[in-house]
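K.L.:
quick one, fold the following:
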Amino acid sequence: MIAFSTCWNSGRHTAGDVMLHEIKDELGFDLIELGHGIRMSLMPGIQKMFDTGQIRFGSLHNFCPLPVEVMVASPDCYKFSAVSPEERERAIKQTFQTIDRIRATDPKAKWIVYNALELSEFIPATGADVIGGTKIVPDLEFLHRLDPEGRATFIYNRYAHVLCRFPPSLGEMGFFLMQSDFYTMEIDPNLPVLQEIGCRYFVLPEYWPEAEVLGFTLLAKVSDSSIWIYRRH
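P.N.:
The predicted structure follows:
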């Protein structure tokens, strides 16, 4: 999958649709990477092109769009590790907007977070439908598809914090009760049921070296943080 980045021309355009038409019409690319120079003023034209099906997005840089007070391309304008609490708060807010931009382009898709319970709480705040995290009421319909014989019902049929992990071997599936309100779910990202329910976005707190081999593409890496977002090919 080859996408063309708007880093090439975003700085010389004031309208997002004109910027994208230059890439599509003159260079022949309809799969686009939104670079770290996308200003808020470009977003209406970009959204119009996407909504009418004229272009697709392959990936995007954080922050996207740029904070309104940042006038030039600057991928690290705010850092999660900054000394200033105000800068850290701004980094979180802008990252939230980047993730929400991904969600908005594919609102019916499901997400799954691996190896990071805190991210399982952060991602749903955008409105994304996330497997894992805190479940007040278990999704028994989905869980029974993973466990058709109901052998692990006593583990997941409860209020719980759910941490998803990769299984030791491909194709495996398992539930493990850690304490009364916390269990882990080992689930293969290529399990057919995930594809059947429309789970297309996979979030990890670190780089996933096997992603390409298993059929996943890096969609976004949050600068100065441990958020890696992958999408199924």
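
K.L.:
that's a strand at residue 88, yeah?
P.N.:
No: counting by DSSP: H, G, I helix; E, B strand; the rest coil, residue 88 is located in no strand; its state is helix.

K.L.:
any idea how far residue 114 is from the residue nearest to it when sequence neighbours are not counted?
P.N.:
When the adjacent residues along the chain are set aside, residue 88 lies closest to residue 82, with 5.3 Å between them (CB to CB, 6 or more residues apart in numbering). C-beta here means a position set from N, CA and C on the backbone, and glycine is covered the same way. Between residue 82 and residue 114 the computed distance is 27 Å (CB to CB, to the nearest Å).

K.L.:
those two - which one has more neighbours?
P.N.:
More crowded of residue 82 and residue 114, by other CB atoms under 10 Å: residue 114, with 24 against 14.

K.L.:
correct me, but that one touches residue 165?
P.N.:
Yes: with contact defined as CB atoms under 8 Å, residue 114 reaches residue 165; the gap is 6.3 Å.

K.L.:
residue 113 should be in a strand, yeah?
P.N.:
Yes: counting by three-state DSSP, residue 113 is found in a strand.

K.L.:
identify the residues contacting it.
P.N.:
119, 120, 123, 130, 131, 132, 133, 164, 202, 203, 204 (CB atoms under 8 Å, 6 or more residues apart in numbering).

K.L.:
neighbour count for the residues you listed - can I get that in CSV?
P.N.:
Below are the contacts of residue 113 laid out as CSV (neighbours: other CB atoms under 10 Å):
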residue, neighbour count
119, 23
120, 24
123, 27
130, 23
131, 23
132, 25
133, 21
164, 22
202, 23
203, 27
204, 19
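
K.L.:
mind listing what's buried along the helix-or-strand element of the chain with minimal mean pLDDT?
P.N.:
None of the helices or strands of the chain scores lower by mean pLDDT, DSSP states H and E than strand 56-60, at a mean of 78. Residues of strand 56-60 classed as buried: 57, 58, 59, 60 (neighbour count, 16 or more other CB atoms under 10 Å).

K.L.:
again with stretch 96-106
P.N.:
Across stretch 96-106, burial judged by 16+ other CB under 10 Å covers 98, 99, 101, 102, 103.

K.L.:
next step: those restricted to helices.
P.N.:
Among these, the ones falling in helices (DSSP state H) are 98, 99, 101, 102, 103.

K.L.:
which one of those is nearest to residue 197?
P.N.:
Minimum distance to residue 197 across those is 16.2 Å, recorded for residue 103 (CB to CB).

K.L.:
ok, now which ones touch the closest one?
P.N.:
109, 126, 127, 128.

K.L.:
show me where this protein has its strands.
P.N.:
4-5, 31-34, 56-60, 110-113, 129-131, 133-135, 160-165, 173-179, 182-187, 199-204, 216-221, 228-232 (DSSP state E).

K.L.:
each with direction, which strands does the fifth one pair with?
P.N.:
In this case it means strand 129-131. strand 110-113 (parallel) (DSSP bridges).

K.L.:
possible to save the strands of the chain as TSV with distance to residue 142?
P.N.:
Converted to TSV, these look like this (distance: least, CB to CB, whole Å):
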stretch	distance to residue 142
strand 4-5	36
strand 31-34	31
strand 56-60	27
strand 110-113	9
strand 129-131	8
strand 133-135	10
strand 160-165	11
strand 173-179	12
strand 182-187	11
strand 199-204	10
strand 216-221	21
strand 228-232	17
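
K.L.:
quickly, which of these bottoms out on average pLDDT?
P.N.:
The weakest mean pLDDT among these belongs to strand 56-60, with a mean of 78.

K.L.:
how far does it sit from the chain's center?
P.N.:
Mean C-alpha position of strand 56-60 versus that of the full chain (CA atoms, centre = their mean, to the nearest Å) differs by 12 Å.
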